[in-house]
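Trainee: Sequence and predicted structure below; questions after.
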Amino acid sequence: MERPSLEIKLPNTHEEGKLYVVDSLNNLNKLNVCPDGSQHTLDEEENTGGTGENTAGSNIRNQCLFVTFILTLIVSLALVSFVIFLIIQTRNKMDQISSRLISEKKNIEELKKMNNMILKHLNQSGIKE
């Protein structure tokens, strides 16, 4: 028995796939959080070969990276603060529940004592079940 091949051989699809992947990667590289005006300077810097002829583009790119870094730090700080808040709230709820359990335990013990006292009193008075 021959095993069927998992590869489908179509003419020129491999080359077209490579081109599609390269185009997609190029499009992803062009996307960033910087304003649209800075993209033109980045494109000009790529066209000049990046020899330092266009330092304004690199300054804008550095500023965009810095702003992105600061925004990332702020979001991270907000998330950490929220997690700490949740931990504190959970601890408070657990303290409330444990204090309720302790008070209920005391109530149950008092009820047991009262039950024992009633049973002793009934046994002493001669009344049986």
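Mentor: Noted; the coordinates are in hand. Numbering: from 1, shown residues only.

Trainee: Going by C-alpha atoms from here, please, whenever you check contacts or count neighbours.
Mentor: Noted.

Trainee: Show me what the strand or helix carrying residue 112 is packed against.
Mentor: Residue 112 belongs to helix 55-125 when assigned by DSSP states H and E. Judged by 3 or more CA pairs under 8 Å, 6 or more residues apart in numbering; DSSP states H and E, helix 55-125 is in contact with helix 36-47.

Trainee: Mean pLDDT per helix and strand in this protein: which one sits at the bottom?
Mentor: One helix or strand of the chain scores below all others by mean pLDDT, DSSP states H and E: helix 36-47, with a mean of 53.

Trainee: burial count for residue 61?
Mentor: Neighbours of residue 61 under the rule other CA atoms under 10 Å: 19.

Trainee: distance of it from residue 71?
Mentor: Separation of residue 61 from residue 71 (CA to CA, to the nearest Å): 15 Å.

Trainee: Also residue 80?
Mentor: Applying CA to CA to residue 80 and residue 71 gives a distance of 14 Å.

Trainee: what do you get for residue 84?
Mentor: Residue 84 is 20 Å from residue 71, by CA to CA.

Trainee: got it, and residue 87?
Mentor: Separation of residue 87 from residue 71 (CA to CA): 24 Å.

Trainee: same check, this time on residue 58
Mentor: Counting by CA to CA - residue 58 and residue 71 are separated by 20 Å.

Trainee: So for the two, which residue has more residues nearby?
Mentor: Between residue 58 and residue 71, counted using other CA under 10 Å, residue 58 has the larger neighbour count: 16 against 12.

Trainee: What does the pLDDT read for that one?
Mentor: Note for residue 58: predicted pLDDT of 83.

Trainee: same question, the one 3 residues further on
Mentor: Looking at residue 61, its pLDDT stands at 86.

Trainee: any idea how far it is from residue 67?
Mentor: Distance of residue 61 to residue 67, computed by CA to CA: 10 Å.
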